[in-house]
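Novice: Turn this into a model:
(one chain, ligands or ions: 2)
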Amino acid sequence: MRRPTAASATLTDRTPAPGTAPAVSRGGQAEPTRSARLRHMLQSEPLEFLMEAHNGLSARIVREAGFSGIWASGLSISAQFGVRDNNEASWTQIVDMLEFMADASDLPILLDGDTGYGNFNNLRRLVRKLEQRGIAGVCIEDKVFPKTNSFLNGERQPLADIDEFCGKIAAGKATQLDPDFSIVARVEALIAGWGMEEALRRAEAYRRAGADAILIHSKLSRPDEILTFAREWAGRAPLVIVPTKYYSTPTDVFREAGISVVIWANHVLRSATAAMQSTAREIFESETLVNVEDRIASVEEIFRLQDADEYSAAERLYLSAARASRAAVVLAASRGKGLEAVTEDRPKVMLPIAGKPLLRWLLDAFKKESINDVTVVGGYRADAIDRAGVRLVVNERYEETGELASLACGIDALESDTVIAYGDLLFRSYVLRDLVESDAEFAVIVDSSPTGDNNRTVRDFAYCSRRDDRGLFGTPVLLKRVFSAADAPASAHDGDSSVSVGAAHGRWVGMLKVSRAGLKRLREVLSALRARPDFDTLDVPHLLNALIARGAAVEVHYVHGHWRGVNDLEDFRRAADFAHAQRRFGDSDETDPATPPNP
Ligand code: SPV
Ligand code: MG
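Specialist: Residues are numbered from 1 along each chain as shown. Ligands and ions are numbered 1, 2, ... in the order given. This is a model prediction of the structure:
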């Protein structure tokens, strides 16, 4: 009987807590535990196979190949650590690796536990730790700690005293809490040249001491002594073999001999080694990747084996949607009016403020809020914009067009919550945080401090549904209208009588947050504005007003100062002071020679 493998299981639907409790399948039926499955493999009639794995990735690969169980090979695990199979890796390092393997694969794992890493007491502790980590069983060999691999001078290696080893088996069996946890006793008498009789004597003693199965090992290239042993043994307990040396024996021979489990002990490690050697050599010699790329696993295949998709799904589920992916569009096409003297060779966003360009201040602030998908719309001297960590798009018509034309260049590809920001802003971090944490479709920051305090150049007057009384936390405030500098409020040329001159509630701080849902509406409004003959002159306040006119609610978050815009040379000079104050204590404070001195 061959059980179906769990090839479709993912990192999240495998046995939930490593241990002994039965996992419950989707259909509500209890699935056998890993230990029960290993025990069944040992005891069932048909020949079963354990495939070697030595880390999480190989454990996953073995599962996907269709195997029902894993041999956590001492040789392979030590080799992948780059050390010898002489207990050079500590037992806790082995157990840590087993945890990765058990996490990556829901198969039962039989640990090659060498000698049990010490005496009966060490084995007791090992059994407890293995059970805690969901390992199905351990195989211990009747050698002396520290052991050496059986294929290295096997005949010269001392064997354990039979009674001592039987005590060890009994101690392990008495320690296990899960009745299905298996202890396999490995007989090394044939390897060590002690003969068939001694091998049978030891196997019988180990069986009587409580071993669930006997692993009879041979290093001959033919299976003769294994077959003789099996015949003499006559099914007293399940037999496990490792045909590494007698590999040419047809597998049916093992079936006919009544073997329970065959261990393919090191073949995943050895195939990986051959592939790694060949690839490394090829790349070294050819100094190019072009010859190997099609012969090796793709990066996507590695992601798949790591279950990267599950992570993305979980991210959508458990990180707030806004945090999971946030985007920004930075409007950075302008040279800066009044800043001609310092923008000969760069756009305004690349002006250095306290040692770093304006754009970098903005990007660092974005990073803090997990805004990682940043589009910068350049124009004037776009070639001088530092592209590190951003997608640069260029508004080629920057000289004849305004902010909305630039925005239109950068908004199309966006799908997540997006902050649209002027490139010349400095602000305390909470200002952006308040904005991105808003659940509203559209949200803006309005500075209710008396205009003129923060910036000499005053623009973007905001009219809101309610004045900032600085006490009304939680009372929703909506934006009614924004006048950019070009619109003289006194003229009221837009015919809106609901706003009156001098009654501005503050200044719009040049940032607009648009939720994923709001992007659709924003694109519609933008394309409607595009039809206007004066589209090339329009700026973001026009967009805000058009959104409001079409019924969009634009939520207002009031702040009281704590930001700067850089609109002329005087702003530029003052910005350094503000920026210095935003640095963390201890941050380096290099000054850029291009920064003008404070007056
Ligand atoms: C291992 O895989 O580490 C084993 C089996 O112990 S063998 O190398 O064949 O001894
Ligand atoms: Mg071993």
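Novice: show me where the stretch 251-400 of the chain has helices.
Specialist: 251-256, 267-286, 299-305, 308-318, 321-324, 358-368 (DSSP state H, counting those that start in this stretch).
Novice: how close does the closest residue to Ile140 other than its chain neighbours get to Val144?
Specialist: If the residues on either side of it in the chain are set aside, Ile140 comes closest to Gly116, at 4.5 Å by CB to CB, 6 or more residues apart in numbering. The way it works is simple: take the backbone N, C-alpha and C, and place the C-beta from them, glycine included. Look at Gly116 and Val144: by CB to CB, to the nearest Å, they are 11 Å apart.
Novice: Could you check which of these two is surrounded by more residues?
Specialist: Gly116 (27 against 15; other CB atoms under 10 Å).
Novice: May I ask you to confirm that that one is in contact with Lys143?
Specialist: No. Gly116 is not in contact with Lys143 according to CB atoms under 8 Å; the separation is 10.1 Å.
Novice: What pairs with the helix or strand containing Arg564, parallel or antiparallel?
Specialist: Secondary structure from DSSP states H and E places Arg564 in strand 563-565. Strand pairing for strand 563-565, using DSSP bridges, gives strand 425-427 (antiparallel).
Novice: which non-adjacent residue is nearest Leu479?
Specialist: Excluding the flanking residues, the one nearest Leu479 by CB to CB, 6+ apart is Val554, at 4.0 Å.
Novice: Got the phi and psi for that neighbour?
Specialist: Per-residue torsions, Val554: phi -110, psi 110 (degrees, to the nearest 10).
Novice: For it, which residues are in contact?
Specialist: Counting by CB atoms under 8 Å, 6 or more residues apart in numbering, Val554 touches 440, 442-444, 478-479, 512, 544, 547-548.
Novice: now do Ile263
Specialist: Residues near Ile263 by CB under 8 Å, 6+ apart: 49-50, 52, 71, 110, 215, 240-242.
Novice: Repeat that for Ala209.
Specialist: Going by CB under 8 Å, 6+ apart, the list of residues near Ala209 reads 165-167, 169-170, 173, 185.
Novice: hmm, which of those residues are the buried ones?
Specialist: Listed as buried from the contacts of Ala209 are 165-166, 169-170, 173, 185; burial here means 16 or more other CB atoms under 10 Å.
Novice: Nearest spatial neighbour of Phe427, chain-adjacent residues omitted?
Specialist: Among residues not flanking Phe427 along the chain, Trp563 sits closest, at 3.7 Å (CB to CB, 6+ apart).
Novice: Apologies, that question was intended for Phe181.
Specialist: Leaving out its chain neighbours, Phe181 is closest to Ser35 (CB to CB, 6+ apart), at 4.9 Å.
Novice: who does Met511 bridge with?
Specialist: When bridges are called by DSSP bridges, Met511 pairs up with Ala421.
Novice: Not counting residues beside it along the chain, what's closest to the closest residue to ligand 2 within the stretch 101-250 of the chain?
Specialist: Of all residues in the stretch 101-250 of the chain, Asp112 sits closest to ligand 2, at 4.3 Å by CB to the ion. Spatially, and ignoring its direct neighbours in sequence, Asp112 is nearest to Gly74 (4.2 Å; CB to CB, 6+ apart).
Novice: And the one you found, how close does it get to Gln306?
Specialist: Distance from Gly74 to Gln306, by CB to CB: 25 Å.
Novice: ditto for Thr175
Specialist: 35 Å.
Novice: which of those two has more neighbours?
Specialist: The neighbour count for Thr175 versus Gln306, taken as other CB under 10 Å, is higher for Thr175 (18 against 15).
Novice: Look up phi and psi at the more buried one.
Specialist: Thr175 adopts backbone torsions of phi -80, psi -30, taken as degrees, to the nearest 10.
Novice: what's the answer for the one 3 residues further on, then?
Specialist: With angles defined as degrees, to the nearest 10, Asp178 shows backbone torsions of phi -90, psi 120.
Novice: who's in contact with Tyr422?
Specialist: 330-331, 510-511, 540, 565.
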